[in-house]
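**Student:** below are the sequence and a predicted model; questions follow.
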Amino acid sequence: MQIWLERNPDIIPKSVHPHTFRHSRAMALLQAGVELIYIRDFLGHYSVTTTEVYARANNELTRKALLKVSPLENSIDTPVWQEDKNLLEYLKNLSE
């Protein structure tokens, strides 16, 4: 590995820490739907509390959680303002 890094120094930035890889793997597993307790085992942690440091929710996971709570208010359909032809024409004229 060391020789490979010496030949390809720009591939991995110097500031990358091993914990960056742990966090990335934890997030990938979380996004894939793996339960936190299994991620804990994968990372070798004693407590799920420790794993939570690595497995923080990103914007997409937060959006999906909000859709589960109130799907109608948080739908991803076309916003109402995009259906307002007068408003769209007005905004278009502002940029010209």
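**Tutor:** In hand now; what should we look at?

**Student:** for E89, give its distance to S95.
**Tutor:** To S95, E89 is 11 Å away according to C-beta to C-beta, to the nearest Å. Heads up, the C-betas are built off the backbone N, CA and C, glycines and all.

**Student:** okay, the two: which has more neighbours?
**Tutor:** E89 (10 against 5; other C-beta atoms under 10 Å).

**Student:** most centrally placed residue in this protein?
**Tutor:** In the chain, the residue lying closest to the centroid (C-alpha atoms, centre = their mean) is N58, at 3.6 Å.

**Student:** find the residue closest to that one in space, skipping its chain neighbours.
**Tutor:** Nearest residue to N58, sequence neighbours excluded (C-beta to C-beta, 6 or more residues apart in numbering): M27, at 6.7 Å.

**Student:** what number of residues lie near that neighbour?
**Tutor:** Neighbour count for M27, taken as other C-beta under 10 Å: 17.

**Student:** helix or strand: which one has it?
**Tutor:** Using DSSP states H and E, M27 falls within helix 18-31.

**Student:** next one: V34
**Tutor:** Counting by DSSP H and E, V34 is part of no helix or strand.

**Student:** mind listing what it touches?
**Tutor:** F42 (C-beta atoms under 8 Å, 6 or more residues apart in numbering).

**Student:** any idea how far it is from E6?
**Tutor:** V34 is 35 Å from E6, by C-beta to C-beta.

**Student:** cool, and L88?
**Tutor:** For L88, the distance to E6 (C-beta to C-beta) stands at 56 Å.

**Student:** so those two - more neighbours on which side?
**Tutor:** Ranked by neighbour count (other C-beta under 10 Å), L88 and E6 place L88 first, with 12 against 8.

**Student:** surely the more buried one is in contact with V80?
**Tutor:** No. Judged on C-beta atoms under 8 Å, L88 makes no contact with V80 at a distance of 11.7 Å.

**Student:** on that earlier part again, got a pLDDT number for the residue nearest to N58?
**Tutor:** Predicted confidence (pLDDT) for M27: 84.

**Student:** for L91, same thing?
**Tutor:** Model confidence at L91, given as pLDDT, is 83.

**Student:** pull the contacting residues for it.
**Tutor:** Not one residue lies near L91 by C-beta under 8 Å, 6+ apart.
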